[in-house]
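Colleague: Kindly return the folded structure for what I paste below:
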Amino acid sequence: MELMHLMDDFLNNKNEQQAVSMIAYMRDQFLFLGIPTPLRKKLCREYFKTAKNLKIMDWDFIRACWDNPYRELQYVVVDYLVVKQTFLTPNDVPGIKELALTKSWWDTIDGLDRIIGNIALSYPDVNNTLLAWSVDENIWLRRIAIDHQLLRKDKTNAKLLGKIIVNNLGSSEFFINKAIGWSLRDYSKTNPEWVKCFIEKHKEQLAPLSIKEASKYI
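Modeller: The predicted structure is shown next:
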């Protein structure tokens, strides 16, 4: 992929007014060009069309975008990984971990969790890595571990889900407790009885936020 051409396209579509609101929404943590999601995807479409069928992962492209100061380029990386999902293997997990540990915030983490989750679904040995992440000192690796099975429905590994959540009970971290609630709420659409039993068993340790989120559909 021609990164410089892609960057030119992004710079040519810069919207300073939109950038101001996007920077404020992300609490002044990142610079933005002011490119909304539909336009970002449109600008990447032709580049991804070529990249989609290439079996190799362009980690030079990934790292160049991730190192870019504009947040939209980190979103491009997440979009690229989704496009290349079928070619991702456990060998890519260390690289994705590196992304998760840098420029970390919920917006990129909540894109990387499903990507890692899909790798684990194809390569179950990756579950051991996610179990290790669930007790890591880094909250973003923990959040990925908690939410990596979102939208799996009947393919959810309930035993693994339970272990990972138990590893994070008693946390006072908002992003952890919210993730616990989301993962339970999502699975409740498939197996409400399991979620009800889990909440009942751990209600003394679950944060009120987690219980509130988890109970939405049950």
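
Colleague: Can you tell me what sits against the helix ranked longest in the chain?
Modeller: Ranked by residue count under DSSP state H, the longest helix found in the chain is helix 106-122. With Cβ atoms under 8 Å, 6 or more residues apart in numbering as the test, helix 106-122 has contacts from 26, 71, 74-75, 77-78, 81-82, 85, 88-90, 92-93, 96, 99-100, 126-127, 129-130, 140, 143-144, 147-152, 155, 175. Where you see a C-beta, it was placed from the backbone N, CA and C, and this is true even at glycine.

Colleague: What subset of those residues is buried?
Modeller: Those of those that meet the buried threshold are 71, 74-75, 77-78, 81, 88, 92-93, 96, 99-100, 126-127, 129-130, 140, 143-144, 147-150, 152, 175, by 16 or more other Cβ atoms under 10 Å.

Colleague: In helices, which of those residues appear?
Modeller: Residues of the buried ones among the contacts of helix 106-122 located in helices (DSSP H): 71, 74-75, 77-78, 81, 93, 96, 99-100, 126-127, 129-130, 140, 143-144, 147, 175.

Colleague: From residue 131, how far off is residue 122?
Modeller: Going from residue 122 to residue 131 by Cβ to Cβ, to the nearest Å gives 17 Å.

Colleague: Low-confidence stretches in the chain?
Modeller: 1 (pLDDT under 70).

Colleague: Which residue ranges of it form strands?
Modeller: For the chain, strands defined by DSSP state E do not occur.

Colleague: so who does residue 142 touch?
Modeller: Counting by Cβ under 8 Å, 6+ apart, residue 142 makes contact with 133, 134, 135, 136, 168, 176, 179.

Colleague: From residue 150, how far off is the fourth one?
Modeller: Taking Cβ to Cβ as the measure, residue 136 falls 19 Å from residue 150.

Colleague: cool, and the first one?
Modeller: Computed with Cβ to Cβ, the distance linking residue 133 and residue 150 is 15 Å.

Colleague: can you check the second one too?
Modeller: Residue 134 sits 15 Å away from residue 150, going by Cβ to Cβ.

Colleague: Next, residue 216: phi, psi?
Modeller: The phi/psi pair for residue 216 (degrees, to the nearest 10) reads phi -60, psi -40.

Colleague: got a list of what it touches?
Modeller: 185, 188.

Colleague: begin at 662 from here
Modeller: Sounds good: first residue 662 from here, last item residue 877.

Colleague: Not counting sequence-adjacent ones, nearest residue to residue 832?
Modeller: Among residues not flanking residue 832 along the chain, residue 838 sits closest, at 6.1 Å (Cβ to Cβ, 6 or more residues apart in numbering).
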